[in-house]
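> heads up, no residue letters with this:
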Ligand code: NI
């Protein structure tokens, strides 16, 4: 049997695994069934080592090449679903109310498992492949939690790769870019404190509502006056709360607002936070108020290493042909916690096509099973490129 036959056969099995995972979505770190499924498959494939319980439900499988010593590369898949109801009417739709695989992590997991089965059977490389199955990509920073538990040092991982499906990109096509691929996403809440009183006598109080209004407007200058126009930044104020509609003759004691900031450069991210602090402090003082900032750091900017991206592009081109690989795709303002791994080790994340489908995080979304085979071929080819064997 040729390698191509083997991959095609495994992809058929992997479609079954994907649908089984789709039926039983689990959230954040609470993935007992999913992680047991993954660990069970890895053991059945005969990988050399299966480590479980990393960051709760994270799993790592190690496959050592038959061609001797070499580098250790990490291939990462995310396993968690989203807290939402599914509306696909698929025969294998979620059996768990309020939970759904609406970001395709079921597909990512099945695709990496498929590649693992082939790699464990062939071992046609020098070095070690670390298969990283992480919990809590959707807002729980599972990648960071695994890193904090020693993921990279424990297994000696020297480079890291990830793949995420993309609706709208044709099945079998790939897209990536060197440098920033996805934004850093931080959140913040500001409490503006004044002194409440009767609305007919504003001089006897310190009005936090007027102060907050000015501060919200001033926040817009973070983009318009404090950011390089070629360096994308988004500031959105999404939350505002003060006083009561039932007490319109009362100036409240405080006003609260908050929002999110997206940046494409980790230096810009730090600079914007510093500008925000200054605007809030001096702006609040103008109105004799105090503004307290609750800064809630989110995922960092996802930054692809140029050299590793070139390698990823070569692998994708070998699988799909040059015409089907975008090498300088648009950056996106979403965030991804693989960014934590890319902060620690050089690597690259690529998009792979999900075809015409509902958008990610939409109740009608479904991972496209036809993407499993090209996805598996990408992983296998990448291992061959990075670990020095013929693909
Ligand atoms: Ni996702």
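Happy to help now that I have it. Keep in mind it's a predicted model, so treat the numbers as computed, not measured. Residues are numbered from 1 along each chain as shown.
> once you drop chain neighbours, what's closest to residue 260?
residue 187 (5.0 Å; C-beta to C-beta, 6 or more residues apart in numbering). Using the backbone N, CA and C atoms, a C-beta is placed for each residue, glycine as well.
> parallel or antiparallel, list what pairs with the helix or strand that contains the one you found.
Secondary structure from DSSP states H and E places residue 187 in strand 184-193. Strand 184-193 has the following strand partners under DSSP bridges: strand 254-263 (antiparallel), strand 290-296 (antiparallel).
> before we move on, back to that, the residue nearest to residue 260: how many residues sit nearby?
Using other C-beta atoms under 10 Å, residue 187 has 15 other residues around it.
> for the residue nearest to residue 301 when sequence neighbours are not counted, give me its contacts.
Nearest non-adjacent residue to residue 301, counting by C-beta to C-beta, 6+ apart: residue 184, 4.1 Å away. Residues in contact with residue 184 (C-beta atoms under 8 Å, 6 or more residues apart in numbering) are 262, 263, 264, 266, 269, 298, 299, 300, 301, 335, 339.
> which of the residues you listed fall in helices?
In helices, defined here by DSSP state H, the members of the contacts of residue 184 are 266, 269, 339.
> let me know the closest of those to residue 90.
Among these, residue 339 lies closest to residue 90 (C-beta to C-beta), at 31.4 Å.
> quick check: that closest one touching residue 303?
Yes: Residue 339 is within contact range of residue 303, at 7.1 Å (criterion: C-beta atoms under 8 Å).
> stretch 84-99: end-to-end distance?
With C-alpha to C-alpha, to the nearest Å as the measure, stretch 84-99 spans 5 Å from end to end.
> list the buried ones in it?
Residues of stretch 84-99 classed as buried: 84, 86, 88, 92, 93, 94, 99 (neighbour count, 16 or more other C-beta atoms under 10 Å).
> please apply the same query to stretch 167-178.
Quick answer for stretch 167-178 (16+ other C-beta under 10 Å): 167, 169, 171, 172, 173, 174, 175, 176, 177, 178.
> for the residue nearest the centre of the chain, what are its contacts?
When C-alpha atoms, centre = their mean is applied to the chain, the residue found nearest the centroid is residue 336 (2.1 Å). Residue 336 is in contact with 137, 162, 164, 181, 182, 299, 302, 349, counting by C-beta under 8 Å, 6+ apart.
> helices or strands next to the helix or strand hosting residue 16 in the packing?
Using DSSP H and E, residue 16 maps to helix 3-23. Packing partners of helix 3-23 (3 or more C-beta pairs under 8 Å, 6 or more residues apart in numbering; DSSP states H and E): helix 32-45, helix 105-122, helix 372-386.
> please report phi then psi for the closest residue to residue 253 other than its chain neighbours.
With sequence-adjacent residues excluded and distances taken as C-beta to C-beta, 6+ apart, residue 253 is closest to residue 196, at 4.1 Å. Dihedral angles of residue 196 (phi, psi; degrees, to the nearest 10) stand at phi -70, psi 170.
> and if you look at the one 10 residues further on?
Dihedral pair for residue 206: phi -120, psi 110, per degrees, to the nearest 10.
> tell me who's in contact with the nearest residue to it once chain neighbours are set aside.
Once flanking residues are discounted, residue 206 sits nearest to residue 194: 3.6 Å by C-beta to C-beta, 6+ apart. Shown in contact with residue 194 (C-beta under 8 Å, 6+ apart): 205-208, 211, 251-255, 287-289.
> how many residues are close by the residue lying closest to residue 155 once chain neighbours are set aside?
Leaving out its chain neighbours, the residue that sits closest to residue 155 by C-beta to C-beta, 6+ apart is residue 130, at 4.8 Å. Neighbour count of residue 130, defined by other C-beta under 10 Å: 23.
> ok, back up a step: point out the most buried one among the helices and strands packed on helix 3-23.
Stretch with highest mean neighbour count among those: helix 105-122 (a mean of 26; mean count of other C-beta atoms under 10 Å).
> is it true that residue 332 touches residue 181?
Yes: if you go by C-beta under 8 Å, residue 332 and residue 181 touch, sitting 7.3 Å apart.
> who has more neighbours, those two?
It is residue 181, of residue 332 and residue 181, that has more neighbours when counted by other C-beta under 10 Å, with 28 against 16.
> name the nearest residue to the more buried one, ignoring sequence neighbours.
residue 302 (4.8 Å).
> same question, residue 387
That would be residue 125: by C-beta to C-beta, 6+ apart, it lies 3.8 Å from residue 387.
> and that neighbour, that one's in a strand?
No: counting by DSSP: H, G, I helix; E, B strand; the rest coil, residue 125 falls outside a strand, being coil.
> outline the domain layout of this structure.
Domain assignment for the chain by automatic domain parsing gives 3-181+301-386, 184-296.
> how far out from the middle of the chain is the first one?
Using C-alpha atoms, centre = their mean, to the nearest Å, the mean C-alpha position of domain 3-181+301-386 is found 11 Å from that of the whole chain.
> quick one: mean pLDDT for that domain?
Average pLDDT, domain 3-181+301-386: 97.
> again with the shortest one
For domain 184-296, the mean per-residue pLDDT is 96.
> that older thread, more neighbours: which of residue 339 and residue 303?
Ranked by neighbour count (other C-beta under 10 Å), residue 339 and residue 303 place residue 339 first, with 26 against 23.
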